[in-house]
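> Just to be clear, the model below is a prediction. Sequence and coordinates:
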Amino acid sequence: MKKVATPDYTVADKLKTHVAALSTAAKEVVLPLNITTHYPRERKRQPECFRGFMLFDPERCISCFQCSFVCPANAIWMKEAPSGRYYPTVDHGKCIYCHFCVDTCPGGALKTTKIHDIAFRTMDEMVAMTEDMVEPPAIIREDKVVVDYVIDKEDLTLKRTKEVDELIVEIEPSEGVPMVSVCVDRGSCIACKVCTKVCESGAVSSLKDEEKLIVKMEIDSEKCTGCGLCVKECSMQILRLVRRE
Amino acid sequence: MLDADIEACEEGMKMATGSESEAEKGESKWEVEVPEKKLKDKLYFENLKAVVIDTELCSRCLTCVSICPSGLIVTEEDRVGFPDYEERCLDCGACVRVCPRFIYEPPGGLGDYIEIVAARSKRFTGQDGAMATEIIASAIDMGMIDQGLFVDRSEKWQTSIFHVRDPKQFGIGTLGGTKYVFAGILPALKEAVRFTKKGVGVVGTPCMISGIRKLQEEFPVFREKVKLVVGLFCTENFHYEDLMKFLREEKEIEIEKILKTDISKGSMYITIEGREKKRKVKMAEFEERGLVAKGCDFCTDFTAVQSDASVGSVGSEKGFSTVIVRNENAKEVMEYIREKGNADFSEEIVMDEIDYLINFKKKREAHIKELALPE
């Protein structure tokens, strides 16, 4: 076993440390160093890519369900709108704010904001309906100052600026990876035309030749948005999303 | 979760997002041949209904259930049906394409074979020689397939499908043994085909085997993934509800206590827990009450001639199974079993017993001739 021994300080060493401690104490009395943000009167400046409350643009949504498929917390449910299209609703009780939904959205319909402070009175209220996500939620803001944390040599210091931070970030929606649907096993196609029915953009077509008893299937890669609905619905699982050339 | 499940999930994820193999680019234009309708101006399902279901030709192999893209063909009261088919049938013709009895060429006889042997598994115990179990287990061991589909049963003799991924799972006693009631093995097969890497092995009755062959004939995905098809000797099958009611009420047999059932020489022998003597019920009694499935009246295939290997108790001594090896695939597995010493073999086969039942079923050809199919 090894015994831990006290370091062998000389009188001079001890004096030095005492003086340093006293001078720090004196400094704190004159100019206190405090790194606490006084929320809600102050607000920390969040980065542009902050993953907070999500906003939704129905115009851009193609009802492809990708957000609800990818959601690891199962927080997204697709709800039928009066128009017959399906739009996402987010249960903030379940959401882990990973924003995979924002990242996967092929149309860029979901976008992130810096809003992270919303209170809900009941569990039911935590489910943000589609219509609640179109406009930013009403939050009462008392902040007048924005706080930036600055690393100055070795110390972390605060920089306070008298301004109000914009919580809605205007950024270009990500283009995503351009995908297109193709058939990888034509022999196993049963021509059930489910793909034709589910396709929102009318890219999948089928034409039946009654005389020759042949169904001509075609995916128009120009029209295909790569939403993957047909891939999901295909009963024979022979459609795939591949990277657009 | 089992490792295999996780692998299967990962495989599924890859399939959904695709693009892992650049060689597999796929096509955006293709053609599909659809079958001819016997009744013009009717939906394909109506054709199937008129030709197969309403004529009671249907064997309930459930091939149509497995392939239907709407997933709405179901079994209702021991019959195949499709509620609201007028509205919800997609009219794709898949059910007609795969139905082994829409254009019925009744298989029968002994079929082609390489060898006929009697064998008894050393690893497993079953109704007889447990050879169906042994063949699938050995195929998993040798890496030919990565899962086998079996019919399991509950205490009440209701059937369910059991996926076997490891021969250790055969410890479940209810997997072996004849069930004599219908089971939905084909719908399970379609799911299994989606997730398997090496291939799937299936055990089924002759009608199911015909269905599987039809699926393989029509769709490459089944040709690739269904590697081993083990057929069972089969004389007929029963309707579950009616059979159980008959045994419970008229014969006063407690269903939960039945250990096994066996048909030989025109009677069903039922082994009951706690009783030494088997209960004997004459087949005629079942037939009088219409308990035997109607579709079986038109079946002439006793030995599952379309399978890779057929297994049954008929023709070999007590405790052994007769195995008819029909192709190279099955022969490979049998050789593996011999090599590893997983089973005892015997050359004693009584062909007369097998021939008797083949001829017994051959007589049913008359029923097919009597059948009035809609024009």
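That came through, no problem.
> Show me chain B divided up by domain.
Domain segmentation of chain B under automatic domain parsing yields B:35-104, B:115-237+B:293-370, B:240-288.
> export these to CSV and tack on mean neighbour count and mean pLDDT?
Every C-beta, even on glycine, is put in place using the N, C-alpha and C of the backbone. Formatted as CSV, those follow (neighbours: other CB atoms under 10 Å in any protein chain shown; pLDDT from 0 to 100):
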stretch, mean neighbour count, mean pLDDT
domain B:35-104, 19, 88
domain B:115-237+B:293-370, 20, 86
domain B:240-288, 14, 79
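> which stretch among these comes nearest residue A:169?
domain B:115-237+B:293-370 (41.6 Å; CB to CB).
> how long is that closest one end to end?
One end of domain B:115-237+B:293-370 sits 36 Å from the other (CA to CA, to the nearest Å).
> what about it and chain A, touching?
Yes. For domain B:115-237+B:293-370, a contact with chain A is found by CB under 8 Å from any CB of the partner chain, at B:194, B:219-221.
> Which of the residues you listed sits closest to residue A:71?
residue B:194 (22.9 Å).
> after the host helix or strand of that closest one comes which helix or strand?
Counting by DSSP states H and E, the element that carries residue B:194 is helix B:185-195. Using DSSP H and E, the helix or strand that follows helix B:185-195 in sequence is strand B:200-204.
> now that following strand, how far from the chain's geometric center?
8 Å (CA atoms, centre = their mean, to the nearest Å).
> Can you list the strands that that strand pairs with?
Strand pairing for strand B:200-204, using DSSP bridges, gives strand B:147-153 (parallel), strand B:226-232 (parallel).
> Outside of it itself, list whatever touches it.
B:132, B:135-136, B:139-140, B:144-151, B:185, B:189, B:192-193, B:208, B:212, B:225-232, B:304, B:311 (CB atoms under 8 Å, 6 or more residues apart in numbering or on different chains).
> Could you list the domains of chain A?
Here the domain assignment for chain A is A:42-161, A:179-243, based on automatic domain parsing.
> Between the two ends of the shortest one, how far is it?
Yep, that's domain A:179-243 we're talking about. OK, domain A:179-243 end separation, CA to CA: 5 Å.
> Say whether chain B is contacted by that domain.
Yes. Against chain B, domain A:179-243 shows contacts by CB under 8 Å from any CB at A:179-180, A:182-194, A:208, A:213-221, A:228, A:231-232, A:235-243.
> Can you pull up the most central residue in chain A?
residue A:99 (2.1 Å; CA atoms, centre = their mean).
> Nearest residue to that residue in space, please, no chain neighbours.
Ranked by CB to CB, 6 or more residues apart in numbering or on different chains and with sequence neighbours excluded, the top spatial neighbour of residue A:99 is residue A:51, at 4.5 Å.
> Could you check which helix or strand contains that neighbour?
With DSSP H and E as the criterion, the answer for residue A:51 is that it lies in no helix or strand.
> and it, how far is that from residue A:64?
21 Å (CB to CB, to the nearest Å).
> Which one's more surrounded, the two?
Neighbours of residue A:51 and residue A:64, each counted by other CB atoms under 10 Å in any protein chain shown, are more numerous for residue A:64; the result is 24 against 17.
> Wait, that one touches residue A:228, no?
Yes. Using CB atoms under 8 Å, residue A:64 is in contact with residue A:228, at 6.2 Å.
> what does chain A have sitting close to chain B?
Proximity of chain A to chain B, by CB under 8 Å from any CB, involves residues A:179-180, A:182-194, A:208, A:213-221, A:228, A:231-232, A:235-243.
> Make a ChimeraX selection of the buried ones in those.
For the buried members of those, the matching ChimeraX selection, counting by 16 or more other CB atoms under 10 Å in any protein chain shown, is:
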select /A:179,180,182,183,184,185,188,189,190,191,192,193,194,215,217,218,219,228,231,232,235,236,237,238,239,240,241,242
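> can you tell me which of the residues of chain A next to chain B are in strands?
Among the residues of chain A next to chain B, the members found in strands (DSSP state E) are A:179-180, A:182-183, A:208, A:214-219, A:239-243.
> now, the most widely separated pair of those residues?
The largest distance within those, taken as CB to CB, falls between A:208 and A:243 and amounts to 31.3 Å.
> Which residues does stretch B:341-354 contact?
Taking contacts as CB under 8 Å, 6+ apart, the residues outside stretch B:341-354 that touch it are B:110, B:116-123, B:129, B:131, B:134, B:137-138, B:302-303, B:314-317, B:320, B:322, B:336-338.
> Filter the residues you listed down to the ones in helices?
B:131, B:134, B:137-138, B:336-338 (DSSP state H).
> avg pLDDT for the helix ranked longest in chain A?
Longest helix of chain A, by residue count under DSSP H: helix A:11-30. Averaged across helix A:11-30, pLDDT comes to 92.
> Next secondary structure element downstream of it?
From helix A:11-30, the next helix or strand downstream (DSSP H and E) is strand A:42-44.
> Can you give the strand pairings for that next one, parallel or anti for each?
Here strand A:42-44 is paired, per DSSP bridges, with strand A:145-152 (parallel).
> neighbouring contacts of the strand it pairs with?
Applying CB under 8 Å, 6+ apart, the contact partners of strand A:145-152 are A:35, A:37-38, A:41-45, A:156-165.
> all helices in the chain, in order from the N-terminus.
You didn't pick a chain, so chain A it is. Under DSSP H, chain A gives helices at A:11-30, A:66-70, A:100-104, A:194-198, A:229-233.
> Let me rephrase: I mean chain B.
Under DSSP H, chain B gives helices at B:3-17, B:44-48, B:63-67, B:85-88, B:94-98, B:131-141, B:185-195, B:206-218, B:220-225, B:240-245, B:283-288, B:328-340, B:351-362, B:365-370.
> wait, doesn't residue A:224 sit right on residue A:203?
Yes. Using CB under 8 Å, residue A:224 makes contact with residue A:203 at a distance of 4.1 Å.
> Can you check the distance spanned by stretch A:222-232, start to finish?
Stretch A:222-232: ends 20 Å apart by CA to CA.
> That one: which residues count as buried?
Within stretch A:222-232, the residues scored as buried using 16+ other CB under 10 Å are A:224-232.
> Could you list the low-confidence segments of chain A?
For chain A, residues meeting the criterion pLDDT under 70 lie at A:173-177.
> circling back to that earlier point, dump the residue contacts of the residue nearest to the centre of chain A.
So, once contact is read as CB under 8 Å, 6+ apart, residue A:99 ends up touching A:51, A:54, A:112.
> Can you lay out the residues you listed as a markdown table showing distance to residue A:124?
Formatted as a markdown table, the contacts of residue A:99 follow (distance: CB to CB, whole Å):
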| residue | distance to residue A:124 |
| --- | --- |
| A:51 | 24 |
| A:54 | 19 |
| A:112 | 24 |
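> and stretch A:118-127, how far out from the chain's middle?
Per CA atoms, centre = their mean, the displacement of stretch A:118-127 from the mean C-alpha position of its chain is 20 Å.
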